[in-house]
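>>> Got a sequence here, can you model it:
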Amino acid sequence: MKKVIFVMIAVMIFSILNAKSEELIIPKEAIRFRVIANSNEQQDQENKILVRDHIQKEMTQDLIKSESVEGARNTLKNNLSKYENLVSNTLQENNIHTTFQMNYGMNYFPEKVYKGVKYEEGYYESLVVTLGNGLGNNWWCVLFPPLCLLEAEETEEKTEVEYKFFITELIDKYFK
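Now for the predicted structure:
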């Protein structure tokens, strides 16, 4: 009987811990980054990803040492012309004939569900790049704290992290 109670408690604790570990809550003082495609045509979506990759790589280098939202804010503001040039050069070098706009400030974000977490629509401090008419699907992440910078590193490295819980190890040890 004690084993059954122990297992039931262990399963409940494991379930609670596992559910909480998957939630990704964006802090109130966060700076987002968004790229909006010209349209949903495949080429426009590929252009969006190309621009995103080039500018995100540069921002990663610039923001990696930012320890506060104010520091990140200053870094972004001081480098806006560099980011505009980067987008312009990326479009030219890849023979992409479209216009773009870049805006740093309070920008609208639609509702998004990501990994089971619902992010409310609203106006958020952000750097937004709009390609062409901006009628296509968008991509966004959080620049500071560096959630998308970490996500970008994860996709580049393609390494998997294995999480273990003490309770799971106990259950495996004694009941399998």
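>>> can you give me the helices in this structure?
Assigned by DSSP state H, the chain shows helices spanning 2-22, 42-63, 69-78, 80-93, 147-157, 166-175.
>>> Which of these comes out lowest on mean pLDDT?
Within the helices of the chain, the least confident segment by mean pLDDT turns out to be helix 147-157, at a mean of 45.
>>> For residue 35, name its beta-bridge partners.
residue 129, residue 139 (DSSP bridges).
>>> burial of it, as a residue count?
Other residues within reach of residue 35 by the criterion other C-beta atoms under 10 Å amount to 28. To be clear about C-beta, it is placed using only N, CA and C from the backbone, and glycine gets the same treatment.
>>> Distance check, it against residue 61.
For residue 35, the distance to residue 61 (C-beta to C-beta, to the nearest Å) stands at 18 Å.
>>> Now do the contacts for residue 70.
Residues in contact with residue 70, defined by C-beta atoms under 8 Å, 6 or more residues apart in numbering, are absent; none qualify.
>>> from here on, count from 193
Taking 193 as the first residue, the last one we looked at is residue 262.
>>> what's the spacing between residue 294 and residue 222?
Looking at residue 294 against residue 222, where the rule is C-beta to C-beta, the gap reads 19 Å.
>>> If you could redo that for residue 271, that was the one I meant.
Summarising the geometry, the distance separating residue 271 from residue 222, computed by C-beta to C-beta, is 18 Å.
>>> same deal with residue 318?
Applying C-beta to C-beta, the value for residue 318 to residue 222 is 9 Å.
>>> So these two - more neighbours on which side?
More neighbours sit around residue 318 than around the other of residue 318 and residue 222, counting by other C-beta under 10 Å; the figures are 21 against 17.
>>> Quick check: closest non-adjacent residue to that one.
Distances taken as C-beta to C-beta, 6 or more residues apart in numbering put residue 224 closest to residue 318, at 3.9 Å, once the chain neighbours are dropped.
>>> same check, this time on residue 265
Once flanking residues are discounted, residue 265 sits nearest to residue 223: 6.7 Å by C-beta to C-beta, 6+ apart.
>>> who's in contact with that neighbour?
261, 264-265, 268, 317-319, 334-336.
>>> likewise residue 335?
Contacts were defined as C-beta under 8 Å, 6+ apart; by that measure residue 335 touches 222-225, 251, 255, 264, 268, 319, 341.
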